[in-house]
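S.K.: dropping a prediction and its sequence here:
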Amino acid sequence: MSTEQFSLKGRTALVTGSSTGLGKRMAIALGQAGARVAMNYFNNEERAAKAFAAFEATGAEGAMIRANVTDEADVNRLVAEAGEQLGPVDIVILNATPAQPQKSIEEYDWEFYQSMLDFFIKSPYLVTRAVLPHMKKQRWGRIINIGSEVVHLGITPFTAYVSAKGGQNGFNRSLAHELAPWNITVNMVAPGWIPVERHENDPQELKDGYFASIPMQRWGKPEDLAGTIVYLASEASSFVTGQNIHVNGGLTVH
């Protein structure tokens with residue numbers, strides 16, 4: 001197999017929610033593989049500027065675009081601006097996420113449930129719909145949902161997030177069937193608990209308990225996602241669709 005199959009040269013990728021954490025690292029990985037990358041943020045301009053500086057320091061080509069990916073007009077503008085600055089989007093990573101507090105079902109309200117659905121069902125739907133005309137026209141595309149192992153594990157107390165991520169998994173599987181005739185693959189990557197900025201204040205006892213359950217006996221790093229993301233975005237995965245690949249050191253093997 002030629003390493004050229006993993007090259008993303010000439011492709012344009014969009015990574016939603018990529019100003020921090022796993023999103024930032026996935027954007028960098030795509031850029032290092034040769035793609036032009038549209039990064040995305042909404043709330044923190046200073047953090048976004050630092051993330052884009054880190055991206056550019058690798059020598060990759062891209063743009064940082066502010067947009068609310070749960071708003072239809074903003075999504076359409078995001079995809080249009082990415083196309084104008086970098087070329088039509090060939091690869092999309094559906095990664096944007098809000099805060100995810102763990103509460104009992106009695107403590108959640110529907111407004112919070114709705115926010116989870118907006119990020120993990122509505123946003124993937126809006127972004128996918130916006131990029132599809134180009135993908136269908138060229139009969140090539142890569143749609144990668146970022147899922148979570150929590151659906152497999154049934155983590156508790158976490159019903160709002162787990163329910164929405166379960167719905168995104170269903171979206172992934174159904175869409176893979178629908179778009180296969182256009183040579184557009186649709187896959188999901190489910191990272192484990194990989195410590196990034198938003199996990200800095202997580203309780204130590206929770207971290208210890210999770211770590212003890214990882215068969216590989218080490219914490220995952222954001223860089224551990226890079227190979228899987230580049231593979232699914234590349235020609236090397238041209239016959240792989242509808243899959244949910246867990247990147248968690250074997251935790252969901254049992």
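M.R.: That came through fine.

S.K.: how much space separates the closest residue to Val150 other than its chain neighbours from Gln100?
M.R.: Distances taken as C-beta to C-beta, 6 or more residues apart in numbering place Val162 nearest to Val150, at 4.9 Å, with adjacent residues excluded. Every residue, glycine included, has its C-beta placed from N, CA and C. In this view, Val162 and Gln100 are 10 Å apart by C-beta to C-beta, to the nearest Å.

S.K.: same check on Val92?
M.R.: From Val92 over to Gln100 the distance is 22 Å, taken as C-beta to C-beta.

S.K.: thinking again about what came up before, residues in contact with the residue nearest to Val150?
M.R.: Residues in contact with Val162 (C-beta atoms under 8 Å, 6 or more residues apart in numbering) are 148, 150-151, 154-155.

S.K.: would you mind giving those as JSON lines with pLDDT, neighbour count and distance to Ala33 added?
M.R.: Below are the contacts of Val162 laid out as JSON lines (pLDDT from 0 to 100; neighbours: other C-beta atoms under 10 Å; distance: C-beta to C-beta, whole Å):
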{"residue": "Ser148", "pLDDT": "90", "neighbour count": "28", "distance to Ala33": "24"}
{"residue": "Val150", "pLDDT": "78", "neighbour count": "19", "distance to Ala33": "28"}
{"residue": "Val151", "pLDDT": "84", "neighbour count": "22", "distance to Ala33": "28"}
{"residue": "Gly154", "pLDDT": "81", "neighbour count": "10", "distance to Ala33": "35"}
{"residue": "Ile155", "pLDDT": "78", "neighbour count": "16", "distance to Ala33": "32"}
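
S.K.: ok, now which ones touch the spatially most central residue of the chain?
M.R.: The chain has Asn95 as the residue nearest its centroid, 2.9 Å off, counting by C-alpha atoms, centre = their mean. Counting by C-beta under 8 Å, 6+ apart, Asn95 touches 15-18, 22-23, 26, 146.

S.K.: SS state for the residue lying closest to Phe119 once chain neighbours are set aside?
M.R.: Distances taken as C-beta to C-beta, 6+ apart place Pro98 nearest to Phe119, at 5.4 Å, with adjacent residues excluded. Secondary structure state of Pro98, per DSSP: H, G, I helix; E, B strand; the rest coil, is coil.

S.K.: Pro98 and Phe120 touch, don't they?
M.R.: No. With contact defined as C-beta atoms under 8 Å, Pro98 does not count as touching Phe120 (9.4 Å).

S.K.: ok, those two, which is more surrounded?
M.R.: Between Pro98 and Phe120, counted using other C-beta atoms under 10 Å, the more crowded position is Phe120 (28 against 15).

S.K.: now do the same contact list for that one.
M.R.: By C-beta under 8 Å, 6+ apart, Phe120 lies in contact with 97, 164-165, 167-168.

S.K.: give me the number of residues near the closest residue to Leu78 other than its chain neighbours?
M.R.: Setting aside the residues directly before and after it, Leu78 is nearest to Ala67 in space (C-beta to C-beta, 6+ apart), at 3.8 Å. Applying other C-beta under 10 Å, we find 22 residues neighbouring Ala67.

S.K.: strand partners (parallel or antiparallel) of the strand ranked longest in the chain?
M.R.: Identified as the longest strand of the chain according to DSSP state E is strand 184-191. Paired strands of strand 184-191, with direction, are strand 141-146 (parallel), strand 244-247 (parallel) (DSSP bridges).

S.K.: give me the buried positions along that strand.
M.R.: Within strand 184-191, the residues that count as buried by 16 or more other C-beta atoms under 10 Å are 184-191.

S.K.: elements contacting the helix or strand following it?
M.R.: Sequence order places helix 204-212 as the next helix or strand after strand 184-191, per DSSP states H and E. Taking 3 or more C-beta pairs under 8 Å, 6 or more residues apart in numbering; DSSP states H and E as contact, there are no helices or strands that helix 204-212 lies on.

S.K.: following helix 204-212, which helix or strand comes up?
M.R.: Next helix or strand after helix 204-212 toward the C-terminus (DSSP H and E): helix 226-233.

S.K.: average pLDDT for that next one?
M.R.: Averaging pLDDT along helix 226-233 yields 96.

S.K.: thanks again, I'm all set now.
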